[in-house]
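*Asks:* Provided below for reference: sequence and predicted model.
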Amino acid sequence: MSDLHAPILTPIAINDIDILNPRERNQRIFDTIIANIQDIGLKKPVTVTPRRQQDGALRYLLICGEGRLKAFKQLGETHIPALVVEVNDEEAFIMSLTENIARRQSTGIQSLAGIDHLRKQGDTAELIAAKTGLAERYVSEILFLLNSGEERLIDAVAKGRLSLATARIISRAGTEGDAVKIALQDAYESGQLRGSQLAQARRIAERREQCGRTLQTPSKRAPGKSSMTANALVKSFQQEVARQKQMVRKSEFTQQRLLFITGALRELLADDHFMTLLRAEGLDSLPRYLSERLHSNGGIR
């Protein structure tokens with residue numbers, strides 16, 4: 001894979017961005033993305049690569065962040081924060097596939113572990129946000145939970161059982177059961193929580209009241225076993241980093257094979273005898289994406 005120029009973070013007009021690898025998204029998940037952006041802002045900018053058109057206009061190819069882009073558009077925004085990287089079509093496509101695979105295989109726990117690791121180094125919320133690309137407000141809320149020792153709530157957030165906004169409501173209400181119930185009821189009546197979300201939040205809050213903020217209290221800890229600690233989260237994060245590096249190496253190998261296959265197909269399709277055989281068998285048409293890749297000059301058509 002060719003060396004990348006240092007990415008540039010800049011706001012880009014949503015209408016100037018074309019989606020490279022569109023995919024269907026579960027409506028419930030999409031609604032959650034919109035709600036999170038409304039509540040805490042954009043946690044991570046999208047990634048794009050520039051493409052100059054034949055008429056001289058500059059457009060951008062979206063590498064990752066389709067859900068965030070569509071959510072911003074639905075919320076009526078005209079621009080979105082984006083990391084601009086200089087890569088060719090092959091690299092952009094591989095990066096997009098890698099991002100989608102990584103998203104499906106990982107959980108929020110790695111992100112939380114990374115924030116905790118930087119917190120222990122003494123980094124501020126502003127500095128952590130700059131290093132990770134996460135929204136500063138999101139980082140501040142996570143730091144609040146970490147500093148409050150809310151292991152149980154953090155675990156629920158990481159597993160997708162509780163939103164960060166709801167965890168914040170429970171934590172700030174304290175540990176008194178009645179106070180937490182009142183806070184959750186107020187959130188429900190104001191529209192911050194829906195019926196199923198309220199029921200889930202109440203169950204987690206009751207468990208927190210009974211067993212404490214940590215995942216396992218010392219009196220109930222089995223001999224020889226440790227609770228889910230920040231060190232365990234950091235170790236999990238480090239393992240994920242190693243897995244991601246392995247994925248990058250595999251993607252580079254895949255890219256080389258893709259370049260070889262593309263070159264071979266171009267040579268075959270330039271052979272008149274080979275094309276005559278394909279036409280005779282009714283095999284002379286190609287999928288749109290493959291056809292554009294073989295015949296375009298790298299621009300977006």
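*Replies:* Structure's in. What do you need?
*Asks:* CA only for contacts and neighbour counts going forward, please
*Replies:* Fine.
*Asks:* burial count for R161?
*Replies:* When neighbours are defined as other Cα atoms under 10 Å, R161 has 14 of them.
*Asks:* Quick check, it in contact with A199.
*Replies:* No. Contact status for R161 versus A199: not in contact, 11.1 Å apart, counting by Cα atoms under 8 Å.
*Asks:* all strands of the stretch 51-200 of the chain, in order?
*Replies:* 58-64, 79-84 (DSSP state E, counting those that start in this stretch).
*Asks:* Reformat those into JSON lines and put mean pLDDT, mean neighbour count and distance to D16 next to each item.
*Replies:* Formatted as JSON lines, those follow (pLDDT from 0 to 100; neighbours: other Cα atoms under 10 Å; distance: least, Cα to Cα, whole Å):
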{"stretch": "strand 58-64", "mean pLDDT": "90", "mean neighbour count": "22", "distance to D16": "5"}
{"stretch": "strand 79-84", "mean pLDDT": "90", "mean neighbour count": "20", "distance to D16": "9"}
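*Asks:* what about the ones you listed, which gets the closest to D178?
*Replies:* Proximity to D178 (Cα to Cα) singles out strand 79-84 among the strands of the stretch 51-200 of the chain, at 41.3 Å.
*Asks:* Against which helices or strands is the closest one packed?
*Replies:* strand 8-13, strand 46-52 (3 or more Cα pairs under 8 Å, 6 or more residues apart in numbering; DSSP states H and E).
*Asks:* Let me know which of those is tucked in deepest.
*Replies:* strand 46-52 (a mean of 21; mean count of other Cα atoms under 10 Å).
*Asks:* And it, how far out from the chain middle?
*Replies:* Strand 46-52 has its C-alpha centroid displaced from the chain centroid by 18 Å (Cα atoms, centre = their mean, to the nearest Å).
*Asks:* ok, residues contacting it?
*Replies:* With Cα atoms under 8 Å, 6 or more residues apart in numbering as the test, strand 46-52 has contacts from 17, 58-66, 68-69, 80-87, 92, 299-300.
*Asks:* Of all the helix elements in this structure, which one is longest?
*Replies:* Across the chain, the longest stretch assigned as helix under DSSP state H is helix 230-269.
*Asks:* after that one comes which helix or strand?
*Replies:* Using DSSP states H and E, the helix or strand that follows helix 230-269 towards the C-terminus is helix 272-280.
*Asks:* can you list contacts of that next one?
*Replies:* Counting by Cα under 8 Å, 6+ apart, L268, L269, D284 sit against helix 272-280.
*Asks:* can you pull out the helices in this structure?
*Replies:* 27-40, 66-74, 89-105, 108-120, 125-132, 136-147, 151-158, 164-172, 177-189, 195-211, 230-269, 272-280, 288-295.
*Asks:* Need the winner for burial among these.
*Replies:* The highest mean neighbour count among these, using mean count of other Cα under 10 Å, belongs to helix 151-158: a mean of 21.
*Asks:* Against which helices or strands is that one packed?
*Replies:* Partner elements for helix 151-158 (3+ Cα pairs under 8 Å, 6+ apart): helix 108-120, helix 136-147, helix 164-172, helix 195-211.
*Asks:* Could you dump those helices into a markdown table with distance to K235 and mean pLDDT added?
*Replies:* A markdown table is the format used below for those (distance: least, Cα to Cα, whole Å; pLDDT from 0 to 100):
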| stretch | distance to K235 | mean pLDDT |
| --- | --- | --- |
| helix 108-120 | 8 | 68 |
| helix 136-147 | 17 | 85 |
| helix 164-172 | 23 | 86 |
| helix 195-211 | 25 | 84 |
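*Asks:* Report how far apart the opening and closing residues of stretch 39-55 are.
*Replies:* 40 Å (Cα to Cα, to the nearest Å).
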